[in-house]
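J.: predicted structure and sequence below. I'll ask about it afterward.
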There are 4 protein chains.
Amino acid sequence: MIQEFILRDTFARHCGIELIEAGEGFAKTKVSLADHHLNGLSMPHGGLIFVLADVAFAAAANYRGIPTVALNVNISYLKSTESKTLYAEVRELNDNGRVGSYHAKITDETGQIIAIFEGLGYRKSIK
Amino acid sequence: MIQEFILRDTFARHCGIELIEAGEGFAKTKVSLADHHLNGLSMPHGGLIFVLADVAFAAAANYRGIPTVALNVNISYLKSTESKTLYAEVRELNDNGRVGSYHAKITDETGQIIAIFEGLGYRKSIK
Amino acid sequence: MIQEFILRDTFARHCGIELIEAGEGFAKTKVSLADHHLNGLSMPHGGLIFVLADVAFAAAANYRGIPTVALNVNISYLKSTESKTLYAEVRELNDNGRVGSYHAKITDETGQIIAIFEGLGYRKSIK
Amino acid sequence: MIQEFILRDTFARHCGIELIEAGEGFAKTKVSLADHHLNGLSMPHGGLIFVLADVAFAAAANYRGIPTVALNVNISYLKSTESKTLYAEVRELNDNGRVGSYHAKITDETGQIIAIFEGLGYRKSIK
């Protein structure tokens, strides 16, 4: 089910983001940096780093098949990196039925945390 | 100068985002929605909406030619939209020399606010 | 009804915060700074500035009598001030029935914005 | 040095918040809930929960004696609690010299996380 969800996520594919793991309240994504992923300062684009984590957030939040949309996200950019591959790992912290809270770490190849992401998801229906 | 900055922003171009206005502490971006801009629920991707505002934020923050990177962004998604064109308009609220604070509204063709975005930028040098 | 709600808010009273206006999706609070409102750097405490806006947020969000709790708040501190009175003014930006989005400006006596606050409230019941 | 800093924090004392541990990039605070800590729904006030974490954040960020003020805080309220004592534990995630990033967990007596807090601090001088 989560595979179909991700197949429909055309923007994730357009950005080169792969879902490499997903489970109940958990997901991990990956991106291999390319020339079209840079910002105006020639660094990996902060928007790309957001999308990487957002795709993992969506996979974790929609895993059970209940359509869930983002209400709010807070992202802090901690470090720059020379790494050519980035990962985002998301975990659900809480779920009150209607609203779920998720935390993501964005890391580089060395395992260093380059950004942290907190997301709140709103379930459009309740099973 | 801001034109060169945006020319180097390959990710903005890859995502189809255009800078349509920029000035001192101000910028406006636009995206025409296409099939590769959707999420797994077939709505405009929350990541795209973030990137749209982030590109305007970067343009406003880097306008004076001082390299400025994002420290933190908070985005709230308020409404869904059927609109085929989205805009983001960013204004600088404050600048203490090292850190600038920016507010963006993301709107659809009818002018309705679909998301709000608060960004803090860190200047890597001080003129 | 909002008057009874505020009377029960013992922490607002303990902090010296007054509700000076409230209406449908709108509220304004005030605090007169005293010696017990300072932080370790002898400035008005960032926690007090948060509470000032949070009380206005709660009043605006609970105005219709539907119990509403905070899900998430993002606050940015923009400027320091020498002012002895601070105000917070909150407006509802959106309400999807279950979740409402609120924006607050915290200002000093000169009208200068010293902090901005974005809150998401969750309605525990729906009328 | 951090003891003097906390002694000057009159608002922390007024709110009944105790600093129970502090070290390099780390601090822990505690509050015993009393009648003057409630909100209009008779729950522990969200503003108090913020102040509890904010005092720990300030202690961790000012530990080395470099005056550091909050730039931005994001707090998510995850659960309500019946507990009569609350704790906040803050850790520094990163420090670029000028800006430090801090993460706090607010827990109850059972160790359950009731809120999470992300803060960015700005150092007013650099040693």
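T.: Arrived safely. Numbers count the residues shown, from 1 in each chain, chains lettered A, B, ... in the order given.

J.: phi, psi of A:Arg123?
T.: phi -80, psi 120 (degrees, to the nearest 10).

J.: and it, what's its pLDDT?
T.: The model reports A:Arg123 with a pLDDT of 93.

J.: that one contacts A:Gly65, correct?
T.: No. Applying Cβ atoms under 8 Å, one finds A:Arg123 not in contact with A:Gly65, separated by 10.6 Å. C-betas here are computed from N, CA, C, even on glycine.

J.: and those two? Which one has more around it.
T.: The neighbour count for A:Arg123 versus A:Gly65, taken as other Cβ atoms under 10 Å in any protein chain shown, is higher for A:Arg123 (20 against 12).

J.: which residues are in contact with that one?
T.: Residues in contact with A:Arg123 (Cβ atoms under 8 Å, 6 or more residues apart in numbering or on different chains) are A:Ile66, A:Pro67, A:Thr68, A:Gly97, A:Arg98, A:Val99, A:Gly100.

J.: what's the distance between it and chain D?
T.: Look at A:Arg123 and chain D: by Cβ to the nearest Cβ, to the nearest Å, they are 16 Å apart.

J.: got a winner among the contacts of A:Arg123 for most neighbours?
T.: A:Thr68 (25 neighbours).

J.: which residues does stretch A:1-15 contact?
T.: A:19, A:22, A:27, A:29, A:31, A:37, A:48, A:51-52, A:55, A:58-59, A:62-63, A:65, B:14-15, B:35-42, B:45, B:47-48.

J.: what about that stretch, start to end distance?
T.: End-to-end distance for stretch A:1-15: 22 Å, by Cα to Cα, to the nearest Å.

J.: any part of whichever strand or helix holds A:Asn94 near chain D?
T.: Using DSSP states H and E, A:Asn94 falls within strand A:85-95. Yes. Interface with chain D: strand A:85-95 contributes A:Leu93, A:Asn94 (Cβ under 8 Å from any Cβ of the partner chain).

J.: and the angle from the helix or strand that that strand is followed by to strand A:85-95?
T.: Downstream of strand A:85-95, the first helix or strand assigned by DSSP H and E is strand A:99-108. Put simply, strand A:99-108 runs at 160 degrees to strand A:85-95, going by axes from the mean of the first three to the mean of the last three Cα atoms, to 10 degrees.

J.: what helices or strands is strand A:99-108 leaning on?
T.: helix A:46-62, strand A:85-95, strand A:113-123 (3 or more Cβ pairs under 8 Å, 6 or more residues apart in numbering or on different chains; DSSP states H and E).

J.: restrict that strand to CA atoms and write it as CSV.
T.: Written as CSV, here are the backbone C-alpha positions of strand A:99-108 (Å, rounded to 0.1, in the frame of the first residue of the first chain):
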residue,chain,number,x,y,z
VAL,A,99,-3.0,14.4,14.7
GLY,A,100,0.4,12.6,14.6
SER,A,101,3.8,14.1,15.5
TYR,A,102,6.9,13.1,13.7
HIS,A,103,10.6,13.7,14.1
ALA,A,104,13.2,13.4,11.4
LYS,A,105,17.0,13.5,11.3
ILE,A,106,18.7,14.3,8.0
THR,A,107,22.2,12.8,7.9
ASP,A,108,25.1,12.5,5.5
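
J.: that strand - which strands sit beside it in the sheet, and in what orientation?
T.: When pairing is defined by DSSP bridges, strand A:99-108 lines up against strand A:85-95 (antiparallel), strand A:113-123 (antiparallel).

J.: OK, contacts around the closest residue to chain C within chain A?
T.: Of all residues in chain A, the one sitting closest to chain C is A:Asn72 (5.1 Å; Cβ to the nearest Cβ). By Cβ under 8 Å, 6+ apart, the residues touching A:Asn72 are A:Gly119, A:Leu120, B:Asn74, B:Ile75, B:Ser76, B:Tyr77, C:Leu71, C:Asn72, C:Asn74, C:Leu120.

J.: tell me which helix or strand the nearest residue to A:His45 once chain neighbours are set aside sits in.
T.: If the residues on either side of it in the chain are set aside, A:His45 comes closest to B:Phe11, at 3.8 Å by Cβ to Cβ, 6 or more residues apart in numbering or on different chains. Assigned by DSSP H and E, B:Phe11 belongs to helix B:10-14.

J.: after that helix comes which helix or strand?
T.: strand B:17-23.

J.: contacts for that following strand, please.
T.: Counting by Cβ under 8 Å, 6+ apart, B:2, B:6, B:12, B:27-31, B:51-52, B:55-56, B:59-60, B:63, B:87 sit against strand B:17-23.

J.: which residues sit in contact with the residue nearest the centre of chain A?
T.: Centroid-nearest residue in chain A: A:Ala53, 2.0 Å away (criterion: Cα atoms, centre = their mean). By Cβ under 8 Å, 6+ apart, the contact list for A:Ala53 reads A:Thr29, A:Ile75, A:Ala88, A:Val90, A:Ala104, A:Ile106, A:Ala115, A:Phe117, A:Gly119.

J.: my understanding was that A:Lys124 contacts A:Gly65; is that so?
T.: No. If you go by Cβ under 8 Å, A:Lys124 and A:Gly65 don't touch, sitting 11.6 Å apart.

J.: lowest average confidence, helix or strand, in chain A?
T.: Here the helix or strand of chain A ranked lowest by mean pLDDT, DSSP states H and E is helix A:2-8, holding a mean of 87.

J.: in that one, what's buried?
T.: Under the neighbour-count criterion of 16 or more other Cβ atoms under 10 Å in any protein chain shown, helix A:2-8 has A:Ile2, A:Phe5, A:Ile6 buried.

J.: okay, and the beta partners of A:Ala22?
T.: Legend: beta-bridge partners of A:Ala22 under DSSP bridges are A:Ala27.

J.: give me the neighbour count for it.
T.: By other Cβ under 10 Å, 21 other residues sit near A:Ala22.

J.: quick check: it vs C:Thr81, distance?
T.: Using Cβ to Cβ, to the nearest Å, A:Ala22 is found at 48 Å from C:Thr81.

J.: likewise for A:Ala53?
T.: Distance from A:Ala53 to C:Thr81, counting by Cβ to Cβ: 36 Å.

J.: cool, A:Ile114 as well?
T.: With distances taken as Cβ to Cβ, A:Ile114 is found 35 Å from C:Thr81.

J.: any stretches of chain A with poor pLDDT?
T.: For chain A, the stretches flagged by pLDDT under 70 are A:127.
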